[in-house]
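> any chance you could fold what I've pasted below:
(chains A and B)
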Amino acid sequence: MPQYAALIYESGDPDWSVLDTPEKQATMAEYGAFGAAASAVMRGGAALYPTSTGTTVQLEGGKGGKVVTSDGPFAETSEVLTGFYQFECADLDEAIAWAARIPAAWSGKVEVRPIIDFGADAS
Amino acid sequence: MILVPTPPEATSATAGRATLVRLVRDEGSRVLATLVRTTGSLELAEDAVQDAAVKALESWQCNGVPPEPRAWLTVVARNRALDLVRRESRRADKEAAAEALLDPTVPLPAPEVVDDDLLRLIFTCCHPTLGVEAQTALALRTLCGLTTAEVARALLVPEATMAKRLTRARRKIAVAKIPYRVPTVDELPDRLISVLATVYLLFNEGYNASVGDDLIRSDLTAEAIRLSRFLYDLLPHEPGTSGLLALLLLQESRHGARLDDCGDIVLLADQDRTKWDRAAIWEGMCLLGVALRRTPTRPDLYATQAAIAACHVLSPTWGETNWEAVLSWYDVLLAINDTPAVRLNRAVAVAEVHGPQAGLHALEAVGSLGDASRVEAVRGDLLFQAGKLPEAATAYRAALARPGNRARHRYIEKRIADCVARC
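Residues are numbered from 1 along each chain as shown, chains lettered A, B, ... in the order given. You can find the predicted model right below:
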């Protein structure tokens, strides 16, 4: 069965490691319920610290070049990647139905992308 | 039961080329739908059916149409699909499975199975996760059986761009696994809306070409009506399918009278009503009755528009048009689908019932329309009717300044000349 990544984008670079408001706590409870409901199709996932804790890595001059790092995300955008899930579903309709139940889809956006299976025909 | 005029007999060896192409496309899309199911690959199935269609045209033109054209196409397309699978060594692991699926001893599918396959394919090609441009391209290429070059011409896009667009759409269907199935009863209403909207868009692009030299592109309207007929045949109990087919037939019935010999637009008021297609009107009216009976409490979007078209086609002359009826149907339409385009057309009806000043007042509430040239053209018409010729000329010039169809621009130029002559 095909696998899908559900990439979660939110505005305002939220920090989900600190549940300092009742709203965040309520949302986290929703994530807990979602995780339980989706356990049959869930193949992985993670929540990410805010982009302010991120580091962008590049090699100047390509392979073997000098490692150059910069503070923060690769691109300044209003919506940032804050986490992802990996689902295994029968088809895109089913993947979309699960993605629509991710709490972030209510306020942010979830992008559903098929995952390449290098073991099979990748066309 | 709707009586449909039977198409010209297409089984004689002397059948014209156009009739043959039509037959090959018709049967080809059904053969394709089944082959998509058996091979699991839209791309493979399309390549195979395209090849079979070319062979059919060659052979049938010389030797006459075989007694069972669909069976002929199915066998040739299956063999071609098998060749293609064998040629692709990368898919060696899949070969055994594919060969089993394409086993020539498997009997040809029953007509009901083919209908289901076609319906599945329609819902795949008009899946809401595909962009509108991808949906219209796939509708013409995959469902109507046009070649990529023909689709590119029909949608006024360079062939290379169209080829890329189709490849991208097929790839998304394949790798993201857009399902090949008829939606469940719960999903059907929403999903059908997406399919009907795609067909309606195709028709409109042909009926009122937004760009290019011709105001009407009959190739597109004909394909849209064909798809709409498919949908009505396959889902006769859904109100939207009868409503849409009624609307398209009633609109298309005026086709022969909409342009003059120079290709210039003829207003509804000035059209020669004897040129309207009586058979299309009759069939459209029957279907409209069916559609309205299916939705007694809340009329279907397309049936409502068809009712407006019916008010026009049933009137023997422009002067006898029942504008009160037209306006009240526009009020219904506004309640179910409030868009700038509906408000614009309603403003025209308001002007007919209550005078141009009231029409101009209604025009103020139109909002922004994608085709801004049309709003200004209607404003020009209403000001012209109100006798405000300098203001009318100004509005017409504003319409000309915006991009629009060339045939309509020629009409506006004539009206400006009228304004100037009478000032």
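> centroid residue for chain A?
residue A:84 (2.2 Å; Cα atoms, centre = their mean).
> beta-bridge partners for it, please?
residue A:7, residue A:46 (DSSP bridges).
> report the separation between it and chain B.
Distance, residue A:84 to chain B, using Cβ to the nearest Cβ, to the nearest Å: 16 Å. Where you see a C-beta, it was placed from the backbone N, CA and C, and this is true even at glycine.
> list the contacts of that residue.
Contacts for residue A:84 (Cβ atoms under 8 Å, 6 or more residues apart in numbering or on different chains) come out as A:5, A:6, A:7, A:8, A:45, A:46.
> what do you get if the cut-off is 6 Å, keeping everything else the same?
Contacts for residue A:84 (Cβ atoms under 6 Å, 6 or more residues apart in numbering or on different chains) come out as A:5, A:7, A:45.
> now residue A:59
Neighbours of residue A:59 in contact, by Cβ under 6 Å, 6+ apart: A:65, A:67.
> one more: residue A:108?
A:9, A:10.
> the same query, at a cut-off of 8 Å, please.
Contacts of residue A:108 by Cβ under 8 Å, 6+ apart are A:8, A:9, A:10, A:11, A:79, A:82.
> looks like the first one contacts residue A:106 (just checking).
To tie it back to what came earlier, the one meant is residue A:8. No: counting by Cβ atoms under 8 Å, residue A:8 stays clear of residue A:106, with 11.4 Å between them.
> looking at the two, which is more packed in?
residue A:8 (24 against 11; other Cβ atoms under 10 Å in any protein chain shown).
> local confidence estimate at that one?
Residue A:8 carries a pLDDT value of 96.
> please report how far it lies from residue A:53.
Per Cβ to Cβ, to the nearest Å, residue A:8 is found 17 Å from residue A:53.
> same deal with residue B:204?
From residue B:204 to residue A:53 the distance is 51 Å (Cβ to Cβ).
> could you find the closest non-adjacent residue to the residue in the stretch 51-200 of chain B that chain A sits nearest to?
Proximity of the stretch 51-200 of chain B to chain A (Cβ to the nearest Cβ) peaks at residue B:179, 4.0 Å away. The shortest distance from residue B:179 to any non-neighbouring residue, by Cβ to Cβ, 6 or more residues apart in numbering or on different chains, is to residue A:91 (4.0 Å).
> which SS state does residue A:75 fall under?
Three-state call for residue A:75 (DSSP: H, G, I helix; E, B strand; the rest coil): coil.
> tell me the pLDDT at it?
At residue A:75, the model reports a pLDDT of 78.
> that one: neighbour count?
Residue A:75 has 8 nearby residues by other Cβ under 10 Å.
> possible to save the contacts of residue A:84 as JSON lines with neighbour count?
Output for those, formatted as JSON lines (neighbours: other Cβ atoms under 10 Å in any protein chain shown):
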{"residue": "A:5", "neighbour count": "20"}
{"residue": "A:7", "neighbour count": "17"}
{"residue": "A:45", "neighbour count": "17"}
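> which residue packs closest to residue 71, ignoring adjacent ones?
No chain was given, so I picked chain A. Leaving aside its chain neighbours, residue A:71 sits nearest to residue A:55 (6.6 Å; criterion: Cβ to Cβ, 6+ apart).
> let's do chain B instead
residue B:108 (5.4 Å).
> spit out the contact partners of the one you found.
Counted by Cβ under 8 Å, 6+ apart, residue B:108 has contacts B:70, B:71, B:74.
> in terms of helices and strands, where is residue A:70?
In this assignment (DSSP states H and E), residue A:70 forms part of strand A:66-71.
> same check, this time on residue B:382
Going by DSSP H and E, residue B:382 is in helix B:372-385.
> counting contacts, what elements does whatever helix or strand comes next after that helix pack onto?
Elements were assigned by DSSP H and E; along the chain past helix B:372-385, the next helix or strand is helix B:389-400. Judged by 3 or more Cβ pairs under 8 Å, 6 or more residues apart in numbering or on different chains; DSSP states H and E, helix B:389-400 is in contact with helix B:372-385, helix B:406-422.
> can you report how many residues lie near residue B:362?
A count of neighbours around residue B:362, defined by other Cβ under 10 Å, yields 20.
> ok, and the closest non-adjacent residue to it?
Residue B:362's closest residue in space is residue B:347 (Cβ to Cβ, 6+ apart), at 3.9 Å.
> how close does the one you found get to chain A?
Distance from residue B:347 to chain A, by Cβ to the nearest Cβ: 38 Å.
> can you tell me which residues contact the one residue in chain A that gets nearest to chain B?
Nearest to chain B, among the residues of chain A, is residue A:91, at 4.0 Å (Cβ to the nearest Cβ). By Cβ under 8 Å, 6+ apart, residue A:91 lies in contact with A:2, B:177, B:178, B:179.
> just give me the closest of these to residue B:411.
residue B:178 (42.6 Å; Cβ to Cβ).
> checking the closest one next. Helix, strand or coil?
Classified using three-state DSSP, residue B:178 is coil.
> buried residues in the helix or strand hosting residue B:72, which are they?
Per DSSP H and E, residue B:72 falls inside helix B:69-87. Neighbour-count burial for helix B:69-87, counted by 16 or more other Cβ atoms under 10 Å in any protein chain shown, picks out B:69-70, B:72-74, B:76-78, B:80-82, B:84-85.
> same check on stretch B:168-178?
B:169, B:170, B:172, B:173, B:174, B:175, B:176, B:177, B:178.
> I'd guessed the third one sits against residue B:135; true?
The one in question is residue B:172. No: using Cβ under 8 Å, residue B:172 makes no contact with residue B:135, being 11.4 Å away.
> skipping its backbone neighbours, what lies nearest residue B:419 in space?
Using Cβ to Cβ, 6+ apart, the closest residue to residue B:419 is residue B:393 (4.0 Å).
> what's the neighbour count on that neighbour?
Neighbours of residue B:393 under the rule other Cβ under 10 Å: 21.
> right, and it touches residue B:418 too?
No: taking contacts as Cβ under 8 Å, residue B:393 lies outside contact range of residue B:418: 9.0 Å.
> got the residues of chain A near chain B?
A:2, A:4, A:90-93, A:96, A:112-114, A:116, A:121, A:123 (Cβ under 8 Å from any Cβ of the partner chain).
> look up the pLDDT of the residue nearest to residue B:179 for me, please.
Residue A:91 is assigned 95 on the pLDDT scale.
> and what of residue B:146?
86.
> pull up the gap between residue A:73 and residue A:51, please.
For residue A:73, the distance to residue A:51 (Cβ to Cβ) stands at 4 Å.
> find residues that contact each of the two.
What both residue A:73 and residue A:51 touch, as defined by Cβ under 8 Å, 6+ apart, is the set residue A:80.
> where does chain A dip in pLDDT?
Applying pLDDT under 70 to chain A picks out residues A:120-123.
> sorry, that was for the stretch 101-250 of chain B
Residues of the stretch 101-250 of chain B that meet the cut-off, pLDDT under 70, sit at B:101-102, B:104, B:209-216.
> between residue B:204 and residue A:53, who's got more neighbours?
Neighbour count, other Cβ under 10 Å: between residue B:204 and residue A:53, residue B:204 has more, with 17 against 13.
> what about the helix or strand hosting the more buried one, near chain A?
Applying DSSP H and E as the criterion places residue B:204 in helix B:188-207. No: figure legend: helix B:188-207 not in contact with chain A (Cβ under 8 Å from any Cβ); closest approach 9.6 Å.
> circling back: give the contact list for the residue nearest to residue A:71.
So residue A:55 contacts A:69, A:70, A:71, A:72 (Cβ under 8 Å, 6+ apart).
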